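> output the structure for:
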Amino acid sequence: MSRGSINKVILIGRLGSDPEVRYTPSGAAVANFNVATNRGYKDKEGNWKDETDWHRVVVWNRTAEFCKEYVKKGYRVYVEGRLQTRSWEDQSGQKRFTTEVVALDVQLLESQQQSSGAGGSAGAPMEMEPPADMEISQDDVPF
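Numbers count the residues shown, from 1 in each chain. Predicted structure coming up:
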């Protein structure tokens with residue numbers, strides 16, 4: 001174990017779509033979904049602006065099964081895990097990269113009624129969609 005370093009991510013945000021669940025040949029469940037986080041800031045003119053960041057999340061085993069059963073588009077969740085960057089070659093031979101959160105813990109932060117807007121404030125709009133192509137090109141990688 002390397003001392004003096006840490007790789008930990010904590011996100012609180014909303015799902016952009018229902019989790020996609022697959023199973024490995026050995027039967028392990030793996031779920032993928034995107035979480036939107038928002039931040040507000042003032043621009044140079046002093047006007048408030050909102051910015052949304054999308055995060056790829058990968059969840060394994062029992063936590064993936066939990067997500068399959070209970071986590072849906074628009075739900076507000078707490079995600080805790082670590083960052084992982086992977087690379088591969090696409091069909092045209094280009095090297096591609098992606099950075100994702102490998103989640104160890106996913107918790108619902110509201111009931112289904114609150115998420116749908118009935119009986120509580122949902123906060124972010126339900127029609128949020130992640131960008132169609134969240135792949136990161138080699139030029140986007142900062143290192």
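> need the longest helix for the chain.
helix 61-70 (DSSP state H).
> tell me the buried residues in whichever helix or strand comes after that helix?
Counting by DSSP states H and E, the next helix or strand C-terminal to helix 61-70 is strand 76-89. Neighbour counts over strand 76-89 (16 or more other Cβ atoms under 10 Å) mark Arg76, Val77, Val79, Gly81 as buried. No exception for glycine: its C-beta is placed from N, CA and C like everyone else's.
> between strand 76-89 and helix 61-70, how big is the angle?
Here strand 76-89 points in a direction 120 degrees away from that of helix 61-70 (axes from the mean of the first three to the mean of the last three Cα atoms, to 10 degrees).
> following element in sequence after strand 76-89, please.
Using DSSP H and E, the first helix or strand after strand 76-89 is strand 95-108.
> just how off-centre is that next one within its chain?
Averaging C-alpha positions (Cα atoms, centre = their mean, to the nearest Å) puts strand 95-108 6 Å from its chain's average.
> what sits against Cys67?
Pro19, Val21, Ala31, Phe33, Val59, Val106 (Cβ atoms under 8 Å, 6 or more residues apart in numbering).
> where does the protein dip in pLDDT?
1-2, 111-143 (pLDDT under 70).
> secondary structure class for the residue of it most remote from its centre?
Using Cα atoms, centre = their mean, the residue of the chain lying farthest from its centre is Glu45. It sits 31.6 Å away. Of the three states, Glu45 takes coil according to DSSP: H, G, I helix; E, B strand; the rest coil.
> show me what contacts it?
Contacts of Glu45 (Cβ under 8 Å, 6+ apart): none.
> Asn32 and Glu20 touch, don't they?
Yes. Between Asn32 and Glu20 a contact is recorded at 4.9 Å, counting by Cβ atoms under 8 Å.
> okay, those two: which has more neighbours?
Asn32 (16 against 12; other Cβ atoms under 10 Å).
> so what sits opposite the more buried one in the bridge?
Glu20, Val58 (DSSP bridges).
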